[in-house]
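S.K.: predicted model follows, preceded by the sequence.
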Amino acid sequence: MLVFPMQAADAALQALALWAQGIMPVLGPFMICMLMLSGRMGGGPWLRLMMGWLCGSPGGARLLGGMGLGKRAARRFAALSGTMSPMFFLGTISRWTGDPRAGAIIFFSHLAGALVTGLMLPGDRERNAVPPAPLSFSGALSQGANALLVIALCMMLGGIGAKMVACALPGLPPWAAVILQCALEVTGGVQALIQLHPPALFPLICGACSFGGLSILMQNAAFWQGAGVKMGQLFALRCLHGAVSFGICWAIVKIL
């Protein structure tokens, strides 16, 4: 960053603009509503999993990680809950591609990939179900604002990291730079994929979202560590989810 300060600043500004235009308006209000509802629901892990699907990562990990699940069940639910918010697909991706079907196809494949990945793993019963504490409106605002700020900072770091590698390796092919950005921070990486050639890249976009990038992986790990799910296991689960979702989306695109 000291060697390429202007490029680093430009990358940070681009990430913040992407956050302000594509993430904050879509996820902000929805996230606050989900945070308020999540603390008021009871039930077992499957009900909380469905709420986690609505919240998006790391919402599922937050709801499930402290339930007292056994190690095998924790790994299964870590695979099942590693999804992004449906609003990102149905709102942001559909707007970026200019095709409302795009977000629906990619979201369906993404969710189906999580189900297939999770159900491939053995499970056991939870030991001590611990309900999350209810949140007031002000509490939901505070947690939602904190989560959105974390997303903004992760997007900045991912964008700067990818830009610094591109500056240090000027001969890096555009494809390699996009893949690197997806691996570090998925939102900016997905936008870069869409700018290349959106219709042909739907399966790649789906695979990238299902992997989630390093920033989402780290956020989920913070909640699953106490349940005995290690970082290496989470990484393997995200890779498997990405591969399965890619295959499902590829098949749907071929059929349609």
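M.R.: Nice, I can see it.
S.K.: residue 8 against residue 163, yeah?
M.R.: Yes. Using Cβ atoms under 8 Å, residue 8 is in contact with residue 163, at 6.6 Å. From N, CA and C alone the C-beta is placed, and that goes for glycine too.
S.K.: among those two, which residue is more densely surrounded?
M.R.: residue 163 (24 against 19; other Cβ atoms under 10 Å).
S.K.: not counting sequence-adjacent ones, nearest residue to the more buried one?
M.R.: Sequence neighbours aside, residue 11 is the residue nearest to residue 163 in space, at 3.8 Å (criterion: Cβ to Cβ, 6 or more residues apart in numbering).
S.K.: now do the same for that neighbour: its pLDDT.
M.R.: Each residue has a pLDDT score; the one for residue 11 is 90.
S.K.: which SSE is it in?
M.R.: Of the helices and strands defined by DSSP states H and E, residue 11 is found in helix 5-18.
S.K.: go through that helix and flag the buried ones.
M.R.: For helix 5-18, the neighbour count (16 or more other Cβ atoms under 10 Å) marks 8, 11, 12, 14, 15, 16, 18 as buried.
S.K.: so the second one sits right up against residue 160, yeah?
M.R.: Yes. Residue 11 lies in contact with residue 160 (Cβ under 8 Å); the separation is 4.7 Å.
S.K.: quick one on the thing from earlier: contact partners for the residue nearest to residue 163?
M.R.: Contacts were defined as Cβ atoms under 8 Å, 6 or more residues apart in numbering; by that measure residue 11 touches 156, 159, 160, 162, 163, 164.
S.K.: same question for residue 208.
M.R.: When contacts are taken as Cβ under 8 Å, 6+ apart, residue 208 is in contact with 182, 186, 189, 190, 193, 242.
S.K.: contacting residues around the fourth one?
M.R.: Right, the one you point to is residue 190. Going by Cβ under 8 Å, 6+ apart, residue 190 touches 93, 96, 182, 205, 208, 209.
S.K.: rerun at 10 Å
M.R.: Residue 190 makes contacts with 18, 22, 84, 88-89, 92-93, 96, 106, 178, 181-182, 201, 204-206, 208-209, 213, as judged by Cβ atoms under 10 Å, 6 or more residues apart in numbering.
S.K.: buried among these? Make that a PyMOL selection.
M.R.: Buried residues within the contacts of residue 190, as defined by 16+ other Cβ under 10 Å, are selected in PyMOL through the command that follows:
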select buried, resi 18+22+84+88+89+92+93+96+106+178+181+182+201+204+205+206+208+209+213
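S.K.: inside helices: which ones of the contacts of residue 190?
M.R.: Where these overlap with helices, as defined by DSSP state H, the overlap consists of 18, 96, 106, 178, 181, 182, 204, 205, 206, 208, 209, 213.
S.K.: the third one contacts residue 193, doesn't it?
M.R.: No. When contacts are counted by Cβ atoms under 10 Å, residue 106 is not listed as touching residue 193 (11.1 Å).
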